[in-house]
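In: return a 3D structure for these sequence lines:
(one chain, ligands or ions: 2)
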Amino acid sequence: MSDIQSKDSFKASPFKKLTAVKGMNDVLPGESAKWEWFEGVVRTLMARYAYRNIRTPIVEPTALFVRGLGEVTDIVEKEMYSFEDRLNGEALTLRPESTAGVVRAVVEHNMLYEGGKRLYYMGPMFRHERPQRGRYRQFHQIGAEVLGFQGPEIDAEVILLAHDLWQAIGLTDVRLELNSLGQPPERLAHRSALISHFEKHQDALDEDAKRRLHSNPLRILDTKNPAMKEVVETAPKLLDFLGEASLAHFNALRQILEANGVTYTLNPRLVRGMDYYNLTVFEFITDQLGSQGTVCGGGRYDYLIEQVGGKSAPAVGWALGLERVLALLEEQGKIFPDDSPHAYAIISDASHLPLVLSYLRQLRALGVKVQMHAGSGEGLGSMKSQFKKADSSGAAFALIFGADELQQNIVSVKPLRDGGGTQRTESLEKLNEWALSLQSNS
Ligand code: ATP
Ligand code: MG
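Out: Residues are numbered from 1 along each chain as shown. Ligands and ions are numbered 1, 2, ... in the order given. Predicted structure coming up:
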């Protein structure tokens, strides 16, 4: 197709329309109200668990991810948006996840100096994946990271936090899958067994798996290729290689979860996509989003801090995909809180604007969400057209500031929704006595 669609459209707009980058989405009002509501619930819950917010840069040195996530991982091998700094040639990457960045910040600012830290973050991540429902190139994560604590009680705490979050937003039908990856020596023994298993079944492996057979055989268990289901299911299980200490840690975690009514299934093939995990790994999964069913994943990463150059310290955390959680809520018919204004101000004459605007500000200071009518042509437009705008604004009430009303220091309050009662007048001198009555719809 040519760039110039037709002679007329060329005249009207000489430039080709620009669109967002593939796999990167605008979040428009209406949709963004859901995001803000969800983020608000998260903030409240995080505060109740005494987790504090951390904000790290979106761009990090590429080396952080290569070292942190592991060279032989999907993210580092094929999903990173990397570029060179145009001045000094430094290799930089748009963060594909936030755990590595948080760990870098914790180390850089010596944050574990006075003991452990409970942190959370929210923000965009970038991965060069094939865009599809639930899988984007810019997507958004909310994550919890706890650094400096070793015991299973903290693994339990982060899982309970996620569990409580699902409850707080009314999300149902997410199941928890749990596994333990043990410690490096246990992994090593398992690795040998894994390699021999896969060597015996070479013909069942795809290209990725063949390439990773000796460099990172554990990663093969994380395959999304259905054709490899059987060879993965029959592979040696890490759980069978765990020693006493690892098992004790895992069992203590399971006990706390069970005592708190958190049901889970053991999934011995759950390994997660990054190399930094040890001991506990877990995912919250739904069957209602097709193949993009993992809404939240995490685990323990006791060796990452050292790998990023810090003094060795244990850590555990998770990240959830905001788009997937909201899509799932939508799928489950969630009614999101209404973000329409409480009231729409109709103003009969432009000469009253200075006075009316001062009343609107007083109402806002009292907590009322008020949308002011603004003219789209010359002047403010007819009362009829203003009422139309009031209706389509979604407001529960129209506040009518007419010349007569203002003369008497009153305003007419007209309900716009069914069941809102009859029109009444209220005093402009005693706004505080009736402002609250406008807020009943939120
Ligand atoms: P998947 O197996 O679906 O690729 P992942 O293991 O790569 O997920 P993590 O790196 O653990 O995902 O990220 C945590 C969560 O972030 C995921 O459970 C998912 O909800 C979300 N997520 C990951 N990648 C994307 C993406 N490209 N688009 C949207 N959400 C994503
Ligand atoms: Mg992935």
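In: and this protein, what are its domains?
Out: Domains of the chain are assigned by automatic domain parsing as 31-182+242-331, 343-440.
In: highest mean neighbour count across those, which stretch is it?
Out: Greatest average neighbour count among those goes to domain 31-182+242-331 (a mean of 18), per mean count of other C-beta atoms under 10 Å. All C-beta atoms are positioned from the backbone trio N, CA, C, and that covers glycine.
In: closest to residue 196 out of the domains of the chain?
Out: Comparing the domains of the chain against residue 196 with C-beta to C-beta, the closest turns out to be domain 31-182+242-331 (17.3 Å).
In: coming back round to it: format the domains of the chain as CSV; extra columns: mean pLDDT and distance to ligand 1.
Out: Shown next, in CSV, are the domains of the chain (pLDDT from 0 to 100; distance: least, C-beta to the nearest ligand atom, whole Å):
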stretch, mean pLDDT, distance to ligand 1
domain 31-182+242-331, 96, 2
domain 343-440, 96, 30
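In: output the ones you listed in JSON lines, with distance to residue 214 appended to each entry.
Out: JSON lines is the format used below for the domains of the chain (distance: least, C-beta to C-beta, whole Å):
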{"stretch": "domain 31-182+242-331", "distance to residue 214": "10"}
{"stretch": "domain 343-440", "distance to residue 214": "61"}
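In: which one of the ones you listed lies nearest to residue 17?
Out: Evaluated over the domains of the chain, closeness to residue 17 peaks at domain 31-182+242-331, with 19.5 Å, by C-beta to C-beta.
In: now residue 142: phi and psi?
Out: phi -120, psi 130 (degrees, to the nearest 10).
In: and it, what does it touch?
Out: Residue 142 is in contact with 39, 42, 120, 121, 122, 319, 320, 322, counting by C-beta atoms under 8 Å, 6 or more residues apart in numbering.
In: please name the nearest non-neighbouring residue to the residue positioned nearest the centre of the chain.
Out: Central residue of the chain (C-alpha atoms, centre = their mean): residue 322, 2.8 Å from the mean position. Of all residues not flanking residue 322 in the chain, residue 140 sits nearest, at 4.0 Å (C-beta to C-beta, 6 or more residues apart in numbering).
In: element containing the one you found, please.
Out: Residue 140 belongs to strand 138-147 when assigned by DSSP states H and E.
In: if we can go back for a sec, is it true that the residue nearest to the centre of the chain touches residue 38?
Out: Yes - assessed by C-beta atoms under 8 Å, residue 322 is found in contact with residue 38 at 7.0 Å.
In: surely residue 417 touches residue 393?
Out: No - with contact defined as C-beta under 8 Å, residue 417 does not count as touching residue 393 (11.6 Å).
In: tell me where the stretch 201-350 of the chain has strands.
Out: Taking DSSP state E, counting those that start in this stretch, the strands of the stretch 201-350 of the chain run over residues 264-266, 278-285, 294-300, 315-321, 343-347.
In: quick one, which of the ones you listed gets closest to residue 365.
Out: Closest approach to residue 365 among the strands of the stretch 201-350 of the chain (C-beta to C-beta): strand 343-347, 13.9 Å.
In: next SSE after that closest one?
Out: Counting by DSSP H and E, the element after strand 343-347 in chain order, helix or strand, is helix 353-365.
In: just want the angle from that next one to strand 343-347.
Out: 170 degrees (axes from the mean of the first three to the mean of the last three C-alpha atoms, to 10 degrees).
In: which strands and helices sit next to helix 353-365?
Out: Judged by 3 or more C-beta pairs under 8 Å, 6 or more residues apart in numbering; DSSP states H and E, helix 353-365 is in contact with strand 343-347, strand 370-372, helix 431-434.
In: out of the ones you listed, flag the one nearest residue 215.
Out: strand 370-372 (59.3 Å).
In: list the contacts of the closest one.
Out: 341-345, 347, 356-357, 360, 363-364, 393, 395, 399.
In: tell me the helix or strand right after that strand.
Out: Next along from strand 370-372, by DSSP H and E: helix 383-393.
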